[in-house]
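>>> Give the three-dimensional model of this entry:
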Amino acid sequence: MKNLILIRHAKSSWDSPTADIDRALESRGIKDAKLVAQHSLSFIPKAYKIFSSNARRASETAQIFAQQYNYPLHEISFRPELYTFDESRLEQIVRSFDNCYDSIILFGHNEAITNFVNKFGHAFTDNVPTSGFVFLQLDTDDWQQIQSGKTLKTIFPRDLK
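Take a look at the predicted model:
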């Protein structure tokens, strides 16, 4: 089995005139990310690797979760290719992961995340919200062979308030 946790970046600000990739988190996003990270602690695997989009809002979210999980910040792998909104591209990236990782936590963007979890999980969701946590268990031992899986856990900020 392969475990894949997908986390959508926290709520970001649209107020400043910056490029999309440079948008920072807003205060509500920081609070929601901390809240979901705290509530997800008991669901994370014992060993895992964190990958994140290099977009500022995703990398800041990954760092918030990593701090809650006591995961070394310098071990987060920030990847420009994870700055994608396309589920087909996200699927290609996931299929390219090294099989030495049985569990991966990935920080990225919508629509890619929502469409990916609907394709590979067994529970439909209209939308993975900002700071949303979705734990998929994939029925394979090879990332290249992913086809179907189970949605083991979802944690969305609205469910915790």
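
>>> Would you map the helices across this structure?
For the chain, the helices defined by DSSP state H occupy 27-40, 56-69, 87-95, 112-120.

>>> Let's have these in TSV, adding distance to residue 15, mean pLDDT and mean neighbour count.
In this view, the C-beta of every residue, glycine as well, is placed from N, C-alpha and C. Rendered in TSV, the data for those read as follows (distance: least, CB to CB, whole Å; pLDDT from 0 to 100; neighbours: other CB atoms under 10 Å):
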stretch	distance to residue 15	mean pLDDT	mean neighbour count
helix 27-40	12	98	19
helix 56-69	13	98	22
helix 87-95	28	98	17
helix 112-120	24	98	21
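
>>> Apart from its neighbours in sequence, what residue is nearest residue 34?
Beyond its immediate neighbours in the sequence, the residue positioned closest to residue 34 (CB to CB, 6 or more residues apart in numbering) is residue 64, lying 6.0 Å away.

>>> wait, isn't that neighbour in contact with residue 29?
No: with contact taken as CB atoms under 8 Å, residue 64 and residue 29 are classed as non-touching, separated by 9.1 Å.

>>> Quick check: which of the helices of the chain is nearest to residue 150?
For residue 150, the closest of those is helix 112-120, at 9.3 Å, according to CB to CB.

>>> Now do the closest one against helix 87-95, angle only.
Here the directions of helix 112-120 and helix 87-95 differ by 70 degrees (axes from the mean of the first three to the mean of the last three CA atoms, to 10 degrees).

>>> Output the contacting helices and strands for helix 112-120.
Using 3 or more CB pairs under 8 Å, 6 or more residues apart in numbering; DSSP states H and E as the contact criterion, the neighbours of helix 112-120 among helices and strands are strand 2-8, helix 87-95, strand 133-138.

>>> Report back the residue of the protein that's furthest from centre.
residue 17 (25.8 Å; CA atoms, centre = their mean).
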